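Visitor: Generate coordinates for the sequence data below:
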Amino acid sequence: MSHSEKIELWKSEAEAISDPKPIGLPLDVLVGESVEVAKFLRKYWEAGKRRPGLSSAGPKLSPEVGDEILSVRDAVQDAQTEYLLIIEDKVPTKDLMAQGNKQLGEITGVLEWHLDDGVNDDADTRLLQLKEAHADDTSSADSLAQALHDYATMAKPIAGELDGLGNFNAATIDEAFELADRLGEVQLGGTPRSEAATDAIFLRNQLANLLKGRMRLVRSAARFVFRDHPEIVREVTSAYERKRRAAARRESDVPPPNTASI
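Guide: Next up, the predicted model:
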């Protein structure tokens, strides 16, 4: 399989990352936030009437970084597609996988919308934990089955509240449990990840690290340049990371159980 032009454009630089680290957030979140970071760079490159511009950060940052971020983002998406195509060749039934991914998207979408009420609570914490658990890959039958089961388990107790939101049908939750069982059975007769698939996911992770590095550069420059303008810095920080930190703070504030009577 020949790589896309975007992958080839960044492949050499990506391959210099010999030990790509976990990106720490779902791939779709990384890709989505990269667009916002590129927009931020363009918006604040020049100084305004009452604020400096990112152009004052010096030679470490150039306006071309925004275009580079979007280009690497495309490479990441293409690499993910190539990986999926390799994996799909190994799956006994593509229809089941397509159906499972559709159901997973519907359940995660309605949960995120329902829980996005401006209040960080235990439900938000559980949702973030699920996102982290299934961030790397739901492309194999077993990983997709686990994700379906986990998200359906979270959605089941509030099925009545979710039913009808954005035309979501609560019956999808029970269907997800059934499909998770079927996908689990499929995996029993499946084949292990091939060498080609392993290489493909490694390259995707290298490109994702490259993308995150470019984004980190812009965010670091923003914290420096706009140190007196926290409201501007907030525009480029990760909403996902803010929620995760808030959830961690809530957990740390929970007092330990009283064991005096045990």
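Visitor: count of neighbours near residue 240?
Guide: Counted by other CB atoms under 10 Å, the residues lying close to residue 240 total 18. C-beta coordinates here come from the backbone N, C-alpha and C atoms, glycine included.
Visitor: Ok, the one 5 residues further on next?
Guide: Neighbour count for residue 245, taken as other CB under 10 Å: 12.
Visitor: and it, how far is that from residue 117?
Guide: 18 Å (CB to CB, to the nearest Å).
Visitor: what do you get for residue 200?
Guide: With distances taken as CB to CB, residue 200 is found 39 Å from residue 117.
Visitor: what do you get for residue 26?
Guide: As judged by CB to CB, residue 26 and residue 117 stand 21 Å apart.
Visitor: ok, now residue 237?
Guide: From residue 237 to residue 117 the distance is 21 Å (CB to CB).
Visitor: repeat for residue 211
Guide: Residue 211 sits 31 Å away from residue 117, taking CB to CB as the criterion.
Visitor: Over to residue 228?
Guide: Separation of residue 228 from residue 117 (CB to CB) stands at 32 Å.
Visitor: picking that back up, quick one, which of residue 211 and residue 117 is more surrounded?
Guide: residue 211 (28 against 10).
Visitor: Surely the more buried one and residue 72 touch.
Guide: Yes: taking CB atoms under 8 Å as the definition, residue 211 is a contact partner of residue 72 at 4.5 Å.
Visitor: what touches both of these two?
Guide: Common neighbours of residue 211 and residue 72 are listed as residue 34 (criterion: CB atoms under 8 Å, 6 or more residues apart in numbering).
Visitor: Flag the shaky bits of this protein, pLDDT-wise.
Guide: Low-confidence segments of the chain (pLDDT under 70): 1-2, 87-93, 136-139, 185-193, 248, 250-262.
Visitor: And the helices in it?
Guide: In the chain, the helices defined using DSSP state H lie at 5-15, 27-43, 64-88, 94-115, 122-133, 141-155, 159-162, 171-188, 195-225, 230-236, 239-253.
Visitor: just so I know, which of these lies nearest residue 50?
Guide: Checking the helices of the chain against residue 50 by CB to CB gives helix 230-236 as the closest, at 10.8 Å.
Visitor: From the contact counts, what lies against the closest one?
Guide: Helix 230-236 is packed against helix 27-43, helix 195-225, with contacts defined by 3 or more CB pairs under 8 Å, 6 or more residues apart in numbering; DSSP states H and E.
Visitor: Need those in CSV (columns: distance to residue 173).
Guide: CSV is the format used below for the helices and strands packed on helix 230-236 (distance: least, CB to CB, whole Å):
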stretch, distance to residue 173
helix 27-43, 21
helix 195-225, 30
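Visitor: Select, out of these, the one closest to residue 55.
Guide: Using CB to CB as the measure, helix 195-225 is the one of the helices and strands packed on helix 230-236 that comes nearest residue 55, at 8.8 Å.
Visitor: How far does the closest one sit from its chain's centre?
Guide: Offset of helix 195-225 from its chain centre (CA atoms, centre = their mean, to the nearest Å): 12 Å.
Visitor: Could you list the buried residues of that helix?
Guide: 197, 200-212, 214-215, 217-219, 221-222, 224-225 (16 or more other CB atoms under 10 Å).
Visitor: What of stretch 156-167?
Guide: Of all the residues in stretch 156-167, those buried under the rule 16+ other CB under 10 Å are 158-159, 162.
Visitor: List just the nearest of these to residue 112.
Guide: Closest approach to residue 112 among these (CB to CB): residue 162, at 11.1 Å.
Visitor: nearest residue to that closest one other than its sequence neighbours?
Guide: residue 110 (5.1 Å; CB to CB, 6 or more residues apart in numbering).
Visitor: Surely the one you found touches residue 168?
Guide: Yes: using CB under 8 Å, residue 110 is in contact with residue 168, at 4.3 Å.
Visitor: which neighbours do those two share?
Guide: Common neighbours of residue 110 and residue 168 (CB under 8 Å, 6+ apart) are residue 162.
Visitor: Which one's more surrounded, those two?
Guide: residue 110 (25 against 20).
Visitor: give me every residue that touches that one.
Guide: Going by CB under 8 Å, 6+ apart, the list of residues near residue 110 reads 155, 162, 165-166, 168.
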